[in-house]
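A.B. asks: output the structure for:
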Amino acid sequence: MYIISVAAFFTAYYFTTVVMPPVKQALKILPATRLKPFDCTLCLSVWLAVALYFLPIEISWFLAVIFGAGFAAIKIN
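C.D. replies: Numbers count the residues shown, from 1 in each chain. So this is what the prediction gives:
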């Protein structure tokens, strides 16, 4: 059960720190708009945890390993 929480956090962290800045640059056309929950790590991790709860556990393991490695690489670097 903990793997769902870990996978949701790692995926949300990666999405909001790596993917979101280029998206924000591309959306400069729209003034002062937010893409909530996609620009908030806490909000996105909650919604991802809800989605992962209903998906097979193998998907959670995959996301935890893939994005956990990226998170560890950022923190070690």
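A.B. asks: give me the longest helix you can find in the protein.
C.D. replies: helix 57-76 (DSSP state H).
A.B. asks: and the contacts of the helix or strand bottoming out on mean pLDDT in the chain?
C.D. replies: Across the helices and strands of the chain, mean confidence by mean pLDDT, DSSP states H and E is lowest for helix 20-26: a mean of 73. By CB atoms under 8 Å, 6 or more residues apart in numbering, the residues outside helix 20-26 that reach it are 35, 38, 39. All C-beta atoms are positioned from the backbone trio N, CA, C, and that covers glycine.
A.B. asks: and stretch 45-61, by the same measure?
C.D. replies: Contacts to stretch 45-61, defined as CB under 8 Å, 6+ apart, come from residues 3, 4, 5, 7, 8, 9, 11, 12, 13, 37, 63.
A.B. asks: what number of residues lie near the fifth one?
C.D. replies: Read that as residue 8. By other CB atoms under 10 Å, 24 other residues sit near residue 8.
A.B. asks: so which strand or helix has it?
C.D. replies: Secondary-structure assignment from DSSP states H and E places residue 8 in helix 2-14.
A.B. asks: what pLDDT does residue 77 get?
C.D. replies: Per-residue confidence (pLDDT) for residue 77: 79.
A.B. asks: residue contacts, it?
C.D. replies: Shown in contact with residue 77 (CB under 8 Å, 6+ apart): no residues.
A.B. asks: how many neighbours does the nearest residue to residue 39 once chain neighbours are set aside have?
C.D. replies: The spatially closest residue to residue 39, leaving aside those adjacent along the chain, is residue 20, at 5.6 Å (CB to CB, 6 or more residues apart in numbering). By other CB under 10 Å, 17 other residues sit near residue 20.
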